[in-house]
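Engineer: Need a 3D model of the following:
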Amino acid sequence: MFSGIVEELGWVEKIRKDVNLTTLCLRAKIVSKGIKIGDSVSVDGVCLTVTQKKGERLFFDVMKETLDKTILGKLKVKERVNLERALKVNDRISGHFVTGHIDGVGEIAKIIKGKNYVEMHVKAARGLIRYIVPKGSICINGVSLTVGIVGKNYFSFFLIPYTNELTNLGLKKEGQRVNVETDVLAKYVLNRHDI
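Structural biologist: Next up, the predicted model:
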């Protein structure tokens, strides 16, 4: 379980591809502290298990299902990734409850920039849109955000300068894809209502 508050912008150092499995080696100065093998780390919003640790290098085995359903399969060496360690029971939750289980992938359709202002519009499948509400919570690449507008096939959110600089969302361009995790509470409410 995570909060969607990114601790560090790490980077991909190595990618080793095998049959149905990819091993990621990420460099993380902050997140590597206190981490041990078996711990969970949110990597661009995807909950991954640390399988090996060598100093500031963290290794993760990523299975085919995760590679197919998220943007992790498209990562490249030197690419920046949002990182967050799992919550501790006694920590404050500054964002919202984030599971690290990605619901789908969206595409950045529009980026509007102004002084101290960034607005992003993300195209997404209707199956995702049904769980998104204006002023509700959304997690994009592991970043807890507040939803702005919700349309038939898109939603928007805004970045404060801090989030724009600290996360990889500030590096994204129109046409790039992002991991989307909708609010877990909305999923339970809507699925319970459908019964």
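Engineer: What helices and strands are in contact with the helix or strand where Glu181 lies?
Structural biologist: When elements are assigned from DSSP states H and E, Glu181 belongs to strand 177-182. Using 3 or more Cβ pairs under 8 Å, 6 or more residues apart in numbering; DSSP states H and E as the contact test, the elements touching strand 177-182 are strand 104-114, strand 137-140. Placement of C-beta: from N, CA and C, glycine included.
Engineer: redo that, cut-off 6 Å
Structural biologist: If contacts are counted by 3 or more Cβ pairs under 6 Å, 6 or more residues apart in numbering; DSSP states H and E, strand 177-182 sits against strand 104-114.
Engineer: Give me the pLDDT for the residue nearest to Leu48 when sequence neighbours are not counted.
Structural biologist: Leaving out its chain neighbours, the residue that sits closest to Leu48 by Cβ to Cβ, 6 or more residues apart in numbering is Phe60, at 4.2 Å. Residue-level confidence at Phe60 comes out at 98, pLDDT.
Engineer: hang on, the earlier thing: show residues contacting the strand holding Glu181.
Structural biologist: When contacts are taken as Cβ atoms under 6 Å, 6 or more residues apart in numbering, the neighbours of strand 177-182 outside the stretch itself are 44-45, 70-71, 102-107, 128, 131-132, 139-141.
Engineer: Filter those residues down to the buried ones, ChimeraX style.
Structural biologist: This is the ChimeraX syntax for the buried subset of the contacts of strand 177-182, where burial follows 16 or more other Cβ atoms under 10 Å:
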select :44,45,70,71,102,103,104,105,106,128,131,132,139,140,141
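Engineer: List just the nearest of the contacts of strand 177-182 to Glu174.
Structural biologist: Top of the list for closeness to Glu174, among these and by Cβ to Cβ, is Glu107 at 8.6 Å.
Engineer: What's the per-residue pLDDT of that closest one here?
Structural biologist: pLDDT for Glu107: 98.
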